[in-house]
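# need a structure here:
(chains A and B)
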2 protein chains.
Amino acid sequence: MRRYSSVPFADVTITGGFWSERLDTVLRTTIPSQHAQLEKYNVLESLKLPQPVPPLTFKPHANGFSTQIFWDSDVGKWIEAASYALSHRRDPVIEAQIEAITDDLEKAQEPDGYVNCWYLEREPQNRWTNLRDNHELYNLGHLLEGAVAYMRATGRDRLMKVMERAFDHVATVFGTRPGQKRGYCGHPEVELALIKAWHATGQRKYLDLASYFVDERGRQPHYFDIERDARGEPAGKYGQGTYEYSQSHLPVREQTKVVGHAVRAFYLYTAMADLAAEHDDAALRRTCETLWQDVTSTRMYVTGGFGPSERNEGFTEDYDLPNDTAYAETCASVAMVFWAARMLNLDLDGQYADLLELALYNNALAGLSREGDTYFYDNKLESDGSHRRWDWHPCPCCTMNVARLVASIGGYVFGLAKDEVAIHLYGGAKADLPVAGGTVRIAETSNYPWEGTIRVAVDPDAARRFTLSLRIPSWCAGARARVNGADVPVTPERGYLRLTRDWMPGDVVELDLPMPPQRLWAHPEVKADVGRVALRRGPLVFCFEGQDQDAPLHRLRLPRDAALHAEFRGDMLGGISVIRAEGSAVTEPSPALYRTAPPAEAHSPLLAVPYYIWCNRGPNPMQVWMRE
Amino acid sequence: MRRYSSVPFADVTITGGFWSERLDTVLRTTIPSQHAQLEKYNVLESLKLPQPVPPLTFKPHANGFSTQIFWDSDVGKWIEAASYALSHRRDPVIEAQIEAITDDLEKAQEPDGYVNCWYLEREPQNRWTNLRDNHELYNLGHLLEGAVAYMRATGRDRLMKVMERAFDHVATVFGTRPGQKRGYCGHPEVELALIKAWHATGQRKYLDLASYFVDERGRQPHYFDIERDARGEPAGKYGQGTYEYSQSHLPVREQTKVVGHAVRAFYLYTAMADLAAEHDDAALRRTCETLWQDVTSTRMYVTGGFGPSERNEGFTEDYDLPNDTAYAETCASVAMVFWAARMLNLDLDGQYADLLELALYNNALAGLSREGDTYFYDNKLESDGSHRRWDWHPCPCCTMNVARLVASIGGYVFGLAKDEVAIHLYGGAKADLPVAGGTVRIAETSNYPWEGTIRVAVDPDAARRFTLSLRIPSWCAGARARVNGADVPVTPERGYLRLTRDWMPGDVVELDLPMPPQRLWAHPEVKADVGRVALRRGPLVFCFEGQDQDAPLHRLRLPRDAALHAEFRGDMLGGISVIRAEGSAVTEPSPALYRTAPPAEAHSPLLAVPYYIWCNRGPNPMQVWMRE
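Residues are numbered from 1 along each chain as shown, chains lettered A, B, ... in the order given. Coordinates of the predicted model:
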């Protein structure tokens, strides 16, 4: 049984601070500019059927694959991000845009409920013939997430009805009954979307379909083999070579290593964690815990990035975490936030919230520029200055993914059980929560992540006994807490300070989380990081940008005994904390290429900025891991 | 005017020691096994014309280019290497093989003298239409080098006559006279071959043709543009993008940076240095010196490797010297030996001999396995164990290049002027040299490069006054010398101890070159080497192979204050010197991927072996640059 549930984004108000500013940028800049890009690159036009089939906007890959095959998903993700925005501030322009898209989808939908604009336009005879590669269910999943979000934000269900017809059709095509295809999508996504639909509608058919897709995955005979043979395709032709790519190499409960395409992996694990809770499925939960343990102990960047390799957009070997060629896709960290949130619902364990926070504040957030209209797809931990943000991409998945994450940030702040409210994230947020048979208004205020002083106002509608669980991050030593001004001992249970008492209107909890700058070192099997150190303060990992140093990055080192000084700089990048230290730089006393005289060093001040904000001042070398 | 000349390989006897052993391997294993490979891969069959055109043996590159277009050059290089071998030991089997090749070439040659087995077989209508890419003159150059070497080794000139007819034809096609093509080869090589022919035959037409090719290169209007337009090819289609690739971006005397394909560069500079001497051409000599200064100060690996990039098999930016992706083609270091030898003839300066020795003993020699039948094409300075030797290659240029270098090693030992003998390389060698109007037998014996004690017996046919110039390598401090047992002061002039006296039969010079192990550091702009140290002893650069250490290479470091101990190990790899030191290894006290506890270290002994011998004990991680 589910122990905790998330609080829907629409029920949480972001009231100030760090996320309020990011959210503002997404509302004001990102959502409208993304709609304009979808228009400019013909994505919205592609929804209008029938029409003469236009040529492809982007050249297909060398292998013939076109990223336009998942344009429907980009539309779905934009609707989702825009709907989260609407829950913060209604906007008739955005609502009219979503309604127009709904018109197109309604018109495009076949009488049997099928809808996929690529297939309907370009190859209607081929629908449901290549689930391995062609994203039909993935596209529907994203549209469904968009429809659910739009319904939650506005109450309008016309798009949701299009989706219901589509999934009623899907449920006739796929399943274990005679005559049905025992298929599932090569790119997991629809599973977690269906669970959202189940939560939003209470209609069990969505949950059943999600369960079927997860349970069927990786079984033998393998559906992707059957499908391939039906297409008459030779077995050796599969470019990825292994079904690990799509986590369909084994039935999900037999999987123990995090492999393949990182986004696919985490979308799948998100649904698995959800289903483990829904069905009280201990085996599925154990699988999730095993996979969590695997990825966090061997396959994760210090910035909360995942998937080192561009080749498969995913995982390789244990401890293979190169910095300059890191892929660490923005979407993968967004997906990690989803998975971590579901793990937190299964089990209130700070390790999940710690990683949720790490991925969110670092690798995921780095994907969006400060202005909110340029993006990183891959998030390197070291750059010679050639890695740049782009304003659009033939595969624009990351743009809308980071937008929908930021716009729905409120949904990750609280966890709710019958007699308990857990606070996972700190910042400025408030919500009226159903706890212990009544309603409790929780309002937290803080200057997090710049400062660790947090105030939580607890306002039950009447005196009520429940547990307020405050996350004590694993990066924090020496946390202190006061209730109504009186010290309470801080003895966290697995990362949460659990305060159980009769709460009264007007109660106030104050939390003090010291956040001195810290050094981090990697496991010595991470070859790229041996002899190097990274810096962290609170939830933020820092990096060194070339323009902030007096010497080229490769000449610098941060000696182990150099003191680290944190400092808030209101004049930099809209106000950020930086870390300063006295470093050393190799000097150049001779022009000789090789010499027998040992290199000399001179003092050189170092300045580190939060990783998420890098590359917002033009092209610039950067590194997270500094030589010691 | 030429100041010094080399002594032809056939006139020098290798009498023992390091090179004797390598030479033996090449004679006994490499030459016969290469002939077998040329047979196996249809290279020899391709000389037999006419015949039904067989399919390609190797798949062409994605761009349509086939490496088979330069198979003639592989045959020429094999003849050359085999001929050097014959000068050490006549062999009727090898001689019959060369005669059979000569038969084929004689039959293939057109009445006008043209010979190129690819073109004659596959596209006779296209001869001389794409000098930029298709290696016609390069192929002829290698066949000419083979013919010259075979004539020098055996006195037989039938192959040389085929070549003379071919080049008489070339001289009618190319030149500045009306109706001639003002072309030259995209891959320089023929120029240095023609100068060899001039030296071997005294026929000035060879020198004139070489001079024309060098002088014409890079002039405007650009021949490769003219030729491309004649083919009707669009200007943007050239894969390399720039004529820097073939050092034809500027007239040669205006070139100041070493750019493009490394082997092409050094073959060209070899001919330029030769011509500077032949024509007493000060401008050309200054160009050579400028290019030498450029490459040695910014674009050279510590192992004497050149060209960091696989993309253009050549040069990129100053100080761009990555270790794990180093290209450092074996052929490029072989070509550097050629160039350095020519620079030494222009000017007896130890910097040329130092680099000749460095490239020879390290990057070039690493290209050939200890057994003599497997090869490196590219010579990385760091490997995770995946870099392996191969037994053949679709482009087998390096195999025969390293074979011909080792087989002709005698040709690099001495330099000769009217009243001077210079010794550039130490080892076991002897020669009867024409000096000061008579003949002097010079016999050097030593256990070089393992030990630095050298004995030179000087035996003039009668008392004669001349200068014996002994190289004092730049890596050596504290050299001592004795003549007939009496100490002489060692005050080298630009790298050579010049002993001028009346030499008598039976005179003996003893030289003692101390060779303690040394640390080397790179210029701090070489990013890959910052914080790292390399080891050298005498002419040998060392490396660390994984199997010789107690901990994985990436965990190790060599502290700056650790003593270095050299030791001869008769039990390892047939007998080599190694360097031992007390290193440190990062330990693994916790399984955590990231931790706030600084890494601990434990003592770990380090053992380094000469770079040239690495990867002779199976797949194995390796690195030259060790963390400090």
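# strands of the stretch 501-628 of chain A, start to end?
Under the criterion DSSP state E, counting those that start in this stretch, strands of the stretch 501-628 of chain A are mapped to A:507-512, A:518-522, A:532-537, A:540-545, A:556-557, A:564-569, A:576-586, A:594-595, A:601-610, A:622-623, A:626-627.
# helices or strands up against the fifth one?
Contacts defined by 3 or more Cβ pairs under 8 Å, 6 or more residues apart in numbering or on different chains; DSSP states H and E place strand A:556-557 against strand A:576-586, strand A:601-610, strand A:626-627. (Glycine included, C-beta is placed from N, CA and C.)
# what's the closest of those to chain B?
strand A:576-586 (4.1 Å; Cβ to the nearest Cβ).
# around chain B, which positions in chain A sit nearby?
With Cβ under 8 Å from any Cβ of the partner chain as the criterion, chain A meets chain B at residues A:296-298, A:300, A:302, A:518-527, A:530-531, A:534, A:552, A:554-555, A:557, A:560, A:586-588, A:591-599, A:627.
# about what we covered before: got JSON lines for the helices and strands packed on strand A:556-557, with mean neighbour count and mean pLDDT too?
Below are the helices and strands packed on strand A:556-557 laid out as JSON lines (neighbours: other Cβ atoms under 10 Å in any protein chain shown; pLDDT from 0 to 100):
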{"stretch": "strand A:576-586", "mean neighbour count": "20", "mean pLDDT": "98"}
{"stretch": "strand A:601-610", "mean neighbour count": "19", "mean pLDDT": "98"}
{"stretch": "strand A:626-627", "mean neighbour count": "21", "mean pLDDT": "98"}
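# now do the domain split for chain A, please.
Residue ranges for the domains of chain A, per automatic domain parsing: A:5-412, A:415-512, A:518-627.
# so for the shortest one, mean pLDDT?
Yep, that's domain A:415-512 we're talking about. On average, the pLDDT along domain A:415-512 is 97.
# stretch A:286-300 too?
The pLDDT scores in stretch A:286-300 average 98.
# can you check stretch A:531-539 too?
98.
# buried ones in it, by neighbour count?
In terms of neighbour count (16 or more other Cβ atoms under 10 Å in any protein chain shown), stretch A:531-539 has its buried residues at A:531-539.
# just the CA coordinates for it, please, in PDB.
Extracted in PDB, the C-alpha atoms of stretch A:531-539 (Å, rounded to 0.1, in the frame of the first residue of the first chain):
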ATOM      1  CA  GLY A 531      43.400  13.600  -7.700                       C
ATOM      2  CA  ARG A 532      40.500  16.000  -8.000                       C
ATOM      3  CA  VAL A 533      38.000  17.600  -5.700                       C
ATOM      4  CA  ALA A 534      34.600  19.100  -6.100                       C
ATOM      5  CA  LEU A 535      32.800  21.700  -4.000                       C
ATOM      6  CA  ARG A 536      29.300  21.700  -2.600                       C
ATOM      7  CA  ARG A 537      27.400  24.000  -0.400                       C
ATOM      8  CA  GLY A 538      23.900  22.900   0.700                       C
ATOM      9  CA  PRO A 539      22.200  21.300  -2.200                       C
END
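# please state the offset of that stretch from the chain centre?
21 Å (Cα atoms, centre = their mean, to the nearest Å).
# now swap in stretch A:609-626 and tell me
Centroid separation between stretch A:609-626 and its chain, computed with Cα atoms, centre = their mean, is 20 Å.
# start and end of it, how far apart?
Terminal residues of stretch A:609-626 lie 13 Å apart, using Cα to Cα, to the nearest Å.
# buried sites along that stretch?
Across stretch A:609-626, burial judged by 16+ other Cβ under 10 Å covers A:609-616, A:620-626.
# closest residue of the stretch 151-300 of chain A to chain B?
Closest point on the stretch 151-300 of chain A to chain B, by Cβ to the nearest Cβ, is A:Ser297, at 5.5 Å.
# give me the contact list for the helix or strand hosting that residue.
For A:Ser297, the enclosing helix or strand under DSSP states H and E is helix A:282-298. Contacts with helix A:282-298, where a contact means Cβ atoms under 8 Å, 6 or more residues apart in numbering or on different chains, come from A:214, A:252-253, A:255-258, A:269, A:272-273, A:275-277, A:306, A:318-319, A:343, A:346, A:351-352, A:355, B:591-593.
# CA atoms of it as CSV?
Extracted C-alpha coordinates of helix A:282-298, given in CSV (Å, rounded to 0.1, in the frame of the first residue of the first chain):
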residue,chain,number,x,y,z
ALA,A,282,7.1,-6.2,-2.5
ALA,A,283,9.0,-7.8,-5.4
LEU,A,284,8.7,-4.7,-7.6
ARG,A,285,9.6,-2.5,-4.6
ARG,A,286,12.7,-4.6,-4.0
THR,A,287,13.6,-4.3,-7.7
CYS,A,288,13.3,-0.5,-7.4
GLU,A,289,15.5,-0.4,-4.3
THR,A,290,18.1,-2.7,-6.0
LEU,A,291,18.2,-0.4,-9.0
TRP,A,292,18.4,2.7,-6.9
GLN,A,293,21.3,1.2,-4.9
ASP,A,294,23.1,0.4,-8.2
VAL,A,295,22.8,3.7,-9.8
THR,A,296,23.7,5.8,-6.8
SER,A,297,26.7,3.7,-5.9
THR,A,298,28.3,3.4,-9.3
